[in-house]
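**Student:** test case, fold it:
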Amino acid sequence: MDYLTYNVSVNLKKIRHAKGMSLEQTAEQTGVSKSMLAQIERGTANPSIGVLGKIASGLRIQFQELIQHPKSEYELVDMKKLSPTKELEGVYRVLTCFPFEDSQYYEIYRIDVEPGGQYFSGAHGEKTREYVIVTEGELTVECHGNVQTVCRDQIYKFETYQDHVYRNTGTKPASCICVFIDYARAH
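**Tutor:** Model prediction:
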């Protein structure tokens, strides 16, 4: 399930319960079928913008309340259940674990690169930094003319206002967790 589907699923259920509404009452209020609402709450449906608009209007909430990352004190992300944000079959895969939110200035994602593969990332803008934590294999990170090999259990920090590339020159798959920080927003 991608993070937007997850957000809508969790938020709809929370909003409906906070209003004390059953699925049937919500269906009557929004004009969206009870079965579609149940599928959305389970995360098995990918509703159109029109359907989300009907839900927001019927529940008298802002559209943003449905799609924003759910607020919670605790959250467990199972990366096996995430849909790739970007993917080139047999080369690389990017999973967004925690996307940007209005209340935070960081994003956490995972990059998997197959042997001989590479993943190009565009510049992220002024005052941006990335921390790369290699969890499997080894990756070569190139940015600003600097080339750094990062092995398993090592962490590499670099400024990301320029294009950069992650390369797997090894013979085994490589994975890393990336923490991307927009420190201009932090102030």
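**Student:** check contacts around Val10.
**Tutor:** By Cβ atoms under 8 Å, 6 or more residues apart in numbering, Val10 lies in contact with Pro70. C-beta: built from backbone N, CA, C; applies to glycine.
**Student:** for it, what is the enclosing helix or strand?
**Tutor:** helix 3-18 (DSSP states H and E).
**Student:** what residues does the residue nearest the centre of the chain make contact with?
**Tutor:** In the chain, the residue lying closest to the centroid (Cα atoms, centre = their mean) is Thr96, at 2.9 Å. Taking Cβ under 8 Å, 6+ apart, we find Thr96 in contact with 3, 82, 85, 107-109.
**Student:** three-state assignment of the residue of the chain positioned farthest from its centre?
**Tutor:** Using Cα atoms, centre = their mean, the residue of the chain lying farthest from its centre is Glu28. It sits 32.4 Å away. Per DSSP: H, G, I helix; E, B strand; the rest coil, the local secondary structure of Glu28 is helix.
**Student:** over to Leu95?
**Tutor:** Going by three-state DSSP: Leu95 is strand.
**Student:** is it true that it touches Glu87?
**Tutor:** No: using Cβ atoms under 8 Å, Leu95 makes no contact with Glu87, being 9.1 Å away.
**Student:** so for the two, which residue has more residues nearby?
**Tutor:** Leu95 (23 against 14; other Cβ atoms under 10 Å).
**Student:** what is the neighbour count of Asp182?
**Tutor:** Counted with other Cβ under 10 Å, Asp182 comes out at 18.
**Student:** can you list the buried residues in the helix or strand containing Glu65?
**Tutor:** Using DSSP H and E, Glu65 sits within helix 63-67. Across helix 63-67, burial judged by 16 or more other Cβ atoms under 10 Å covers 66-67.
**Student:** Tyr183: which of the contacts of Thr96 is nearest?
**Tutor:** Glu107 (12.6 Å; Cβ to Cβ).
**Student:** state whether that closest one is indeed within a helix.
**Tutor:** No: according to three-state DSSP, Glu107 belongs to no helix; its state is strand.
**Student:** that one against Pro99, yeah?
**Tutor:** Yes: under the criterion of Cβ under 8 Å, Glu107 makes contact with Pro99 at 5.7 Å.
**Student:** His124 and Ser175: what is the separation?
**Tutor:** Separation of His124 from Ser175 (Cβ to Cβ, to the nearest Å): 21 Å.
**Student:** ok so, going back, where's the dip in pLDDT among the contacts of Thr96?
**Tutor:** The member of these with the lowest pLDDT is Tyr3, at 76.
**Student:** check which residues of stretch 5-15 are buried.
**Tutor:** Per 16+ other Cβ under 10 Å, stretch 5-15 contains these buried residues: 5-13, 15.
**Student:** just give me the closest of the residues you listed to Leu37.
**Tutor:** Of these, the one sitting nearest to Leu37 (Cβ to Cβ) turns out to be Leu12, at 7.2 Å.
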